[in-house]
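1. everything below, folded, please.
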Amino acid sequence: MSAAGSHSLRAAPGPDLARARGRALAVGIAGAVALGWGWWSDPAQFYHSYLMGFCFWIGISLGSLGILMLQHLTGGAWGIVIRRILEAAAWPIPLLALLFLPLLFGLKSLYPWADSVRVAGDELLRHKAVYLNPTGFVVRAAVCFVVWSGLAWLLARGSMEQERSTDPEIGSRLGRASGIGIALYVLTMTFAAVDWLMSLEPHWYSTLYGMFTVMGQALAALAFAILILAVLSEREPLRGRIGERHFHDLGKLLFAFVMLWSYFAFSQLLIIWSGNLPEEIPWYLKRLGGGRQYLAAALVALQFGVPFLLLLSARLKRDRRRLAAIAFFLLLMRLVDLAWIIGPSVHPDRIQPHWLDVVAPLGIGGIWLAAFLTALPSRPLLPLGDPGLEEALEHG
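-> Numbers count the residues shown, from 1 in each chain. This next block holds a predicted model:
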């Protein structure tokens, strides 16, 4: 790449990001105040709504980390153009560890296994207490956050080294580390998914649940990256450098992620429904009645059916604005998916929307977005030290 081209890519993204960061922080602060009121007025609902908002935003961070490692491992122009977005989205993981702390004060409100009285009266909970206990929950969460933060730091450090050096060995090291990192991410996220979500109803279990959660995170993260890239590609310094083929490649990957999420969701339903066991089937019965059957139908139609049909079109995938609209829609449906999963643990008989279900994702999201928008402009928006950058830009 020419010196002039490299210099132009090092230019600051402009004042738009600073204004957006200020607005996000304002929303986060206002949301925190509202959440404080919600905790005081209805603690049980607060913890469930907070868990939903927290899982949504940490899902984007962890999904971004997973896709980032996948790109370092496999290469390809598709990942080079969103690498900085993925790195910035993974950067708030230590902040999310702090935002996780309020949940530790609500373990008894969230999880039946954390209430010693309920455990004493339930033989199955006593049997599972070797694993499902507050001490184990905290230790496993701490290990997960250390692993995730360490992986994000390691990849960011390697990317910074690549900016200062033309040594191709740096890319090879990042690829080797990412191969191990993907295995660690899937393993730790499986433990976290069981602890944070599946154990909300500890009588129920699914061996597919870890991969189902990982795939939901990857889908949300890629949708978020496409949305941000579409916005940045119309502004300097990326204007004119991100082309239709870049979005076409990302659209194809989004299509694949939609298919994989749907595969895991349907496989889990099929296995449990056909087994018809009393320990498993009530989980779905709660989510297919009391008004939640409409949410389930919406998920089938709007997180799989409509995106599947639209993303078959190569013309649509090349249109950044239409693809960004689909990505934004998938992010909204991911939030609906989490509400469908978590809601019955607090209101098992019927769907019962609460204002905290809106405030919690907004409040946590405002703080998360402020951190993301702080990290994003701290380096060039494209990895200038990557030897494949010039070819990736020409590919577009």
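2. how far away is the residue nearest to E163 when sequence neighbours are not counted from R164?
-> Using Cβ to Cβ, 6 or more residues apart in numbering and skipping the chain neighbours, the partner closest in space to E163 is G385 (4.3 Å). C-beta coordinates here come from the backbone N, C-alpha and C atoms, glycine included. Using Cβ to Cβ, to the nearest Å, G385 is found at 7 Å from R164.
3. so where's the stretch 51-200 of the chain shaky on pLDDT?
-> By pLDDT under 70, the stretch 51-200 of the chain has no low-scoring segment.
4. all helices for it, in order.
-> Applying DSSP state H, counting those that start in this stretch to the stretch 51-200 of the chain gives helices spanning 77-80, 83-90, 93-99, 101-104, 107-110, 116-120, 123-128, 134-164, 169-196.
5. same question, the stretch 251-396 of the chain
-> 281-287, 292-300, 306-310, 314-318, 320-342, 356-375, 389-395.
6. could I get the phi/psi values of L208?
-> Per-residue torsions, L208: phi -90, psi -10 (degrees, to the nearest 10).
7. number of nearby residues for it?
-> L208: 16 surrounding residues under other Cβ atoms under 10 Å.
8. start the count at 23, not 1, going forward
-> With the count now opening at 23, the last piece we talked about shows up as L230.
9. tell me which residues are up against stretch 272-281.
-> 100, 104, 237, 240-241, 244-245, 247-248, 251, 325-326, 329-330, 333-334, 338-340, 345, 348-349, 352 (Cβ atoms under 8 Å, 6 or more residues apart in numbering).
10. what comes up buried for it?
-> Residues of stretch 272-281 classed as buried by neighbour count (16 or more other Cβ atoms under 10 Å): L272, G273, L275, L276, F277, F279, V280.
11. pLDDT score for the third one?
-> Reading off the per-residue confidence, L275 sits at a pLDDT of 96.
12. next one: the last one
-> At V280, the model reports a pLDDT of 97.
13. please tell me how far it sits from M355.
-> V280 is 10 Å from M355, where distance means Cβ to Cβ.
14. what is in contact with these two at once?
-> Q325.
15. ok, now how distant is S138 from L92?
-> 43 Å.
16. so the two - more neighbours on which side?
-> Applying other Cβ under 10 Å to S138 and L92 shows that L92 carries more neighbours, namely 19 against 13.
17. quick one, what contacts that one?
-> Listed by Cβ under 8 Å, 6+ apart, the contact partners of L92 are G101, S200, I204.
18. among the helices of the stretch 273-418 of the chain, which comes closest to G193?
-> Nearest to G193 among the helices of the stretch 273-418 of the chain is helix 411-417; the distance by Cβ to Cβ comes to 11.2 Å.
19. which parts of stretch 139-151 are buried?
-> Neighbour-count burial for stretch 139-151 [16+ other Cβ under 10 Å]: V141, D144, L147, K150, A151.
20. which SS state does P259 fall under?
-> Using DSSP: H, G, I helix; E, B strand; the rest coil, the structure places P259 in coil.
21. measure it to L406 for me?
-> P259 is 11 Å from L406, by Cβ to Cβ.
22. tally of neighbours for Y316?
-> Look at Y316: counted by other Cβ under 10 Å, it has 9 neighbours.
23. again, but for the one 10 residues further on
-> Neighbour count for F326, taken as other Cβ under 10 Å: 18.
24. state the distance from the nearest residue to it once chain neighbours are set aside to L334.
-> Using Cβ to Cβ, 6+ apart and skipping residues adjacent in sequence, the residue nearest F326 is S284, 4.3 Å away. The gap separating S284 from L334 is 14 Å, by Cβ to Cβ.
25. okay, the two: which has more neighbours?
-> More crowded of S284 and L334, by other Cβ under 10 Å: S284, with 19 against 10.
26. so G58 versus A40, what's the distance?
-> Taken as Cβ to Cβ, the span from G58 to A40 is 28 Å.
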